[in-house]
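**Q** how does the following fold in three dimensions:
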Amino acid sequence: MEFSKMGIIAASTKAPDASVRSQRSEVISQLGPAVQVALQFQRILSVVSLSVLPSKFVAWQTLVASRVASHTAYNCKSVRRLRKKLEYEFFTFVLGSGGNSLFCIMFWPGWWILGFVALAIWSCVG
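**A** As a prediction, this is how the structure comes out:
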């Protein structure tokens with residue numbers, strides 16, 4: 001069996017697509033636009049990385065483009081909605097009964113006193 005070397009070396013002519021509309025998960029479907037922006041940025045970066053950066057201007061433009069792409073991805077509607085949901089879940093946990101008890105136990109000021117007592121006993125006995 002002989003394979004064409006050009007077939008192995010040649011890049012795919014089909015652009016990758018991040019279609020998540022068929023998924024039923026709400027979180028995954030909300031991340032679709034962010035993934036699309038990430039794929040566009042990846043394509044831009046691959047084109048730039050394949051060629052040697054000829055000047056500082058191209059490097060600067062790439063940096064500016066990456067900042068714009070990351071800012072756009074961070075502020076897109078679906079990511080904002082996801083951040084809002086995660087923030088709600090975190091504060092529900094912290095202010096709820098389980099999280100409040102956990103934080104009270106973790107940050108109880110008496111742990112300092114118990115720690116100093118244990119250190120004093122260990123240094124005297126041990």
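**Q** ok, the residue most central in space within the chain - contacts?
**A** With distances taken as CA atoms, centre = their mean, the residue of the chain nearest its centroid is residue 74 (9.9 Å). Under the criterion of CB atoms under 8 Å, 6 or more residues apart in numbering, residue 74 has no neighbours. (Each C-beta comes from the backbone N, C-alpha and C, glycine too.)
**Q** that one: which element?
**A** Secondary structure assignment for residue 74, by DSSP states H and E: helix 56-75.
**Q** for that helix, what does the pLDDT average out to?
**A** What helix 56-75 shows for mean pLDDT is 85.
**Q** list the buried residues of it.
**A** 62, 69, 73 (16 or more other CB atoms under 10 Å).
**Q** okay, now the domains of the chain?
**A** 1-80, 88-126 (automatic domain parsing).
**Q** residue contacts, residue 60?
**A** Residue 60 neighbours (CB under 8 Å, 6+ apart): none.
**Q** coming back round to it: now, which of the buried residues of helix 56-75 sits nearest residue 108?
**A** residue 73 (40.5 Å; CB to CB).
**Q** ok, now how distant is the closest one from residue 47?
**A** Distance, residue 73 to residue 47, using CB to CB, to the nearest Å: 19 Å.
**Q** next one: the residue nearest to the centre of the chain relative to residue 34, how far apart?
**A** 8 Å.
**Q** could you do residue 122 as well?
**A** In terms of CB to CB, residue 122 sits 52 Å off from residue 34.
**Q** which of these two has more residues huddled nearby?
**A** Using other CB atoms under 10 Å, the more surrounded residue of residue 122 and residue 34 is residue 34, with 18 against 9.
**Q** tell me how far the helix or strand encompassing the more buried one lies from the chain's centre.
**A** Element membership for residue 34 (DSSP H and E) is helix 32-50. On the basis of CA atoms, centre = their mean, to the nearest Å, helix 32-50 is displaced by 15 Å from the centre of the chain it belongs to.
**Q** now do that helix against helix 56-75, angle only.
**A** Orientation of helix 32-50 against helix 56-75 (axes from the mean of the first three to the mean of the last three CA atoms, to 10 degrees) gives an angle of 170 degrees.
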